[in-house]
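>>> Below are the sequence and a predicted model for it; my questions follow.
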Amino acid sequence: MSNAVAVAVRVRPFKESELASLEERGHTVEIDEHSVTMIQRLNDAHEVSRAFKFDHCYNSMDHDEGWVPVNNGQIYKDMVSPGVKDVCDGYNVNILMYGQTGTGKTHTMAGTESDPGAIPLACADLFNHLAIRPGTQVKASFVEIYNDQVVDLLDPKVLAERKGKGDVSRLRVREHPELGPFADGKIEVAVATASEAMDVFQRGSAARSTCKTPLAPQSSRSHGQFTLTLTHPKGNMSQLSMVDLGGTGQGDGGVKGAKKADAKLQIEGAAINKSLATLGMVMSALAKASKDKSKKVHVPYRDSSLTWLLKSALGGNSRTIFLAFVSPYFDHYDESVSTLRYAERASAIVNTATTKIKKTAAVLEAEAEAARIEEEKAQEEARIEEEKAEAEAAEAAAEEAALEARKAELAAKAAAKKAAAEAKAAAEAEAARKEVEEEARVKAEAEARRFEMEMKLKQEAELARVRAEEAAAKEAAEQKRLAEERRVAEEKKAEAERKKIEEEAKRQEREKVRKEAEAARQQAEAARVAKLEAQRREEEAQEALSQAPAQEAARLAAAELRAQEAAAARKAKEEAEEEAAAEAVLAALEPAPANGDPSPLWKLKAKKEREERERVEIEKQAKLLTDVETEAGQFKLKTQLRNVKKEEMRGDAREESTAGQLTEKKKKKKSKEKFELPLSPGSGDGGEEKKKKKKKKKEGFTLPTTEDEYGTVSPTNNPFL
């Protein structure tokens, strides 16, 4: 903050009683962030306006729809918060609140629980700053200037005096050479927290002189000064002083144009106006001195107790904040303009704020002793003057004593008459009181009976509610049980449906296998017919070959029989493999019989595949028989006979490993189909040989062959070819 006085203006909201005439006559204030314009309407066509500029202007008028007034926190943040920091840095700071009665000075200083004012916010902020500066001591004091006399609000006797139960001495304002003017003998309470400081403030506020006026329900009838004195660790001292100045315009009791006001209010208003007038003269002199520093200007600080106490705040060693409060109502135009002029003068004042260093204790005691001696001398002179005045007053009193005695006699008679009337009135009042008490007793009894009936009805209703809740709980449990039973039944039904679907799927699968077996049987039957047809063609081919020379016929017969033997061996081997595979594949669909015989389904499928292979083999043999007429076909037949022999040998080895899987009946059948028929070259004629071939074909035989070192059949070393 600078040394110039910081000034702000706050415009209060309209009251409910003022809004009715607002549309007709309008408001007298226009405000923006840094200026206030006062408007005076002379008539419908003419008006006069004047603008004032300040550091901050706060609009709390609520005549605009949807507009939110400024709260105390915003004013504290803009104006007071920097001063609190300066106090912690060792400067003196004074906050003055000035304005008409009922414009919100006390509200802005103290605030409410929902909108705290400058003092609670400053106390909290101050101790937050001091939390990081240990060693600083704080003392709180609270005085008021009532009828130009300084009263200590922390003195317990003050509250008793306000209630008419005693009297209290007034404090004298003295000026210390170093500390400046102060209230001698005021109580200072050491505080360590913001709550303790607020307790001191609340205690002093309860003792302040207030009363109800037409402008405010609780108007301050004095000036209040709440001070926090800081003693820093290095000896520096600083003060934060917040002054709530009494409302202006109180000479008539707070109502402009009132015909007659209470005598006490008139005296209080006159004292307030006198001190404020002196304050205005002090500010005017200081403003003039600030503009022209070459001239010496007399500043009348001692003309009132208020200005003497505020000497350091106005032009002295302090940083000062001046908050002015005005009304927007047109009937208060003059007071609002006067307040703004005061604020304008204050803005021109420049202080000389410095940090203060504490002197040694001996120096301070010596200066205090000198001041005390000087004060005692002045008191003695004043006492002598008072004694002279008392002697003169005594002479005048003696002359008036007789007159007063007569007056006292007349007053006694009037008092006796008045006492009789009061006694009669008291008796009547007592009778009326008893009647009222009896009526109140009857009403109380009726109210008690009504309350008892209501409680009984409530208990019955509560019992009914509990029973209803129990019934509802039972019903809910029953519903839950039924739902659980339905769920279990549905699950069982679903399980039965699932099993039924699975059974149906198995049945369809068995039906499918049966149909496939039937189709396999039909295919096997077709293969058998094809096989018989191939055998017939083979017999015809053999019949044709029987016309060749006997040696060639024997050779061909041996090749044919060899091929048949190989086919028979493969057939037996494939039957065993197919039956084993069929048993493994179809075991999952139909369990095997207990006697170990293959399932009919397995047999049908294996038979189908076996007959298909026989058909293919017969077709191959028929093709070989057609090619045997050529030499190349004969060599090819020999080669195939050799390969058939190899497959027979390999098949015999595999048959040994799978012989256990064949039934005894199948082994006998295989042994019947295998036999050997030795042939000698050149034996018999053509007809004899033909008969032997037919016989051997029916019985089956094994044709021995020889192989060379490479495993091939050689017609030169084969004794049968």
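Now that the structure is in, tell me what you want to look at.
>>> where in the stretch 601-721 of the chain is pLDDT low?
Where the stretch 601-721 of the chain drops to pLDDT under 70, the residues are 601-606, 621-721.
>>> Can you verify my assumption that residue 311 contacts residue 300?
No. Look at residue 311 against residue 300 with CB atoms under 8 Å: they stay out of range, at 10.7 Å. For every residue, glycine as well, the C-beta is placed using N, CA and C.
>>> Which one's more surrounded, these two?
residue 311 (19 against 14; other CB atoms under 10 Å).
>>> Now do the same for that one: helix, strand or coil?
coil (DSSP: H, G, I helix; E, B strand; the rest coil).
>>> How about the one 5 residues further on?
Three-state assignment for residue 316 (three-state DSSP): coil.
>>> can you give me phi and psi for it?
When read as degrees, to the nearest 10, the backbone of residue 316 gives phi -110, psi -150.
>>> That one: what's it in contact with?
Going by CB atoms under 8 Å, 6 or more residues apart in numbering, residue 316 touches 180, 351, 352.
>>> Residue 542 and residue 445: what is the separation?
143 Å (CB to CB, to the nearest Å).
>>> hang on, I meant residue 409
Counting by CB to CB - residue 409 and residue 445 are separated by 54 Å.
>>> Show me what counts as buried in stretch 233-245.
Neighbour counts over stretch 233-245 (16 or more other CB atoms under 10 Å) mark 236, 237, 238, 239, 240, 241, 242, 243, 244, 245 as buried.
>>> What average pLDDT does that stretch get?
For stretch 233-245, the mean per-residue pLDDT is 86.
>>> Using CSV, write out every CA atom in it.
Extracted in CSV, the C-alpha atoms of stretch 233-245 (Å, rounded to 0.1, in the frame of the first residue of the first chain):
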residue,chain,number,x,y,z
PRO,A,233,10.4,-10.2,18.0
LYS,A,234,12.9,-7.4,17.1
GLY,A,235,11.1,-4.8,19.2
ASN,A,236,9.0,-3.3,16.4
MET,A,237,5.4,-2.4,17.3
SER,A,238,2.4,-1.9,14.9
GLN,A,239,-1.3,-1.5,15.3
LEU,A,240,-4.4,-2.5,13.3
SER,A,241,-7.2,-0.1,14.3
MET,A,242,-10.7,-0.5,12.9
VAL,A,243,-13.1,2.4,13.6
ASP,A,244,-16.8,2.2,13.2
LEU,A,245,-17.9,5.9,13.1
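>>> between residue 542 and residue 445, who's got more neighbours?
residue 542 (18 against 10).
>>> That one: what secondary structure?
Assignment for residue 542 (three-state DSSP): helix.
>>> Pretty sure it sits against residue 560.
Yes. Residue 542 lies in contact with residue 560 (CB under 8 Å); the separation is 6.7 Å.
>>> what's the spacing between residue 172 and residue 53?
40 Å.
>>> more neighbours, the two?
The residue with more neighbours, out of residue 172 and residue 53, is residue 172; 15 against 12, by other CB under 10 Å.
>>> Enumerate every residue touching the nearest residue to the more buried one once chain neighbours are set aside.
Nearest non-adjacent residue to residue 172, counting by CB to CB, 6 or more residues apart in numbering: residue 184, 5.1 Å away. Taking CB under 8 Å, 6+ apart, we find residue 184 in contact with 171, 172, 173, 174.
>>> change it to 7 Å
Contacts for residue 184 were tallied using CB atoms under 7 Å, 6 or more residues apart in numbering; they are 171, 172, 174.
>>> Could you list everything the first one pairs with in the sheet?
What that stands for is residue 171. residue 150 (DSSP bridges).
>>> Quick check, pLDDT for it.
For residue 171, the predicted pLDDT is 87.
>>> Next, count neighbours for it.
Under the neighbour criterion other CB under 10 Å, residue 171 is assigned a count of 20.
>>> quick one, what contacts it?
Contacts of residue 171 were listed using CB under 7 Å, 6+ apart, and they are 143, 150, 151, 152, 183, 184, 185, 186.
>>> where's residue 269, which helix or strand?
If you go by DSSP states H and E, residue 269 is part of helix 263-291.
>>> packing partners for that helix?
If contacts are counted by 3 or more CB pairs under 7 Å, 6 or more residues apart in numbering; DSSP states H and E, helix 263-291 sits against helix 305-309, helix 333-346.
>>> Residues touching stretch 288-300, excluding its own?
278, 281, 282, 285, 286, 315, 348, 349, 350.
>>> now do 6 Å
The contact list for stretch 288-300, computed with CB atoms under 6 Å, 6 or more residues apart in numbering, reads 281, 282, 285, 348, 349, 350.
>>> could those residues be laid out in a markdown table, adding distance to residue 489 and pLDDT?
Shown next, in a markdown table, are the contacts of stretch 288-300 (distance: CB to CB, whole Å; pLDDT from 0 to 100):
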| residue | distance to residue 489 | pLDDT |
| --- | --- | --- |
| 281 | 105 | 89 |
| 282 | 102 | 87 |
| 285 | 106 | 86 |
| 348 | 99 | 87 |
| 349 | 98 | 87 |
| 350 | 99 | 86 |
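>>> Excluding chain neighbours, give the residue nearest to residue 348 in space.
residue 287 (3.8 Å).
>>> I meant to write residue 615 there.
With CB to CB, 6+ apart, the residue lying closest to residue 615 is residue 527, at 4.3 Å.
>>> thought the one you found was touching residue 610?
No. Contact between residue 527 and residue 610 fails when scored by CB atoms under 6 Å: they sit 8.6 Å apart.
>>> out of the two, which sits in the busier spot?
Neighbours were counted for residue 527 and for residue 610 using other CB under 10 Å; residue 527 has more, 21 against 18.
>>> give the contact list for that one.
611, 612, 615.
>>> quick one: average confidence on the helix or strand where it lies?
Per DSSP H and E, residue 527 falls inside helix 361-545. The pLDDT scores in helix 361-545 average 83.
>>> now stretch 125-141
87.
>>> how about the helices in the stretch 51-200 of the chain?
72-75, 81-88, 105-110, 118-130, 156-162, 194-206 (DSSP state H, counting those that start in this stretch).
>>> looking at those, which has the lowest confidence?
Looking at the helices of the stretch 51-200 of the chain, the bottom one is helix 156-162 with a mean of 73.
>>> Which other helices and strands does that helix contact?
Packing contacts for helix 156-162, counted by 3 or more CB pairs under 6 Å, 6 or more residues apart in numbering; DSSP states H and E, involve no helix or strand.
>>> Please export the C-alpha coordinates of it as PDB.
The C-alpha trace of helix 156-162 is given here as PDB (Å, rounded to 0.1, in the frame of the first residue of the first chain):
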ATOM      1  CA  PRO A 156     -17.100  -5.000  33.200                       C
ATOM      2  CA  LYS A 157     -18.600  -1.800  34.900                       C
ATOM      3  CA  VAL A 158     -19.600  -0.400  31.500                       C
ATOM      4  CA  LEU A 159     -22.200  -3.100  30.900                       C
ATOM      5  CA  ALA A 160     -23.600  -2.500  34.400                       C
ATOM      6  CA  GLU A 161     -23.800   1.200  33.700                       C
ATOM      7  CA  ARG A 162     -25.700   0.600  30.400                       C
END
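>>> Kindly indicate which of the contacts of stretch 288-300 lies nearest residue 267.
residue 281 (21.7 Å; CB to CB).
>>> Which residue, other than its chain neighbours, is closest to the closest one?
Per CB to CB, 6+ apart, closest to residue 281 is residue 300, 5.6 Å.
>>> Find me the pLDDT at the one you found, would you?
Model confidence at residue 300 (pLDDT) stands at 88.
>>> Any figure for the gap between it and residue 131?
Taking CB to CB, one finds residue 300 at 42 Å from residue 131.
>>> Please consider this matter closed, and thank you.
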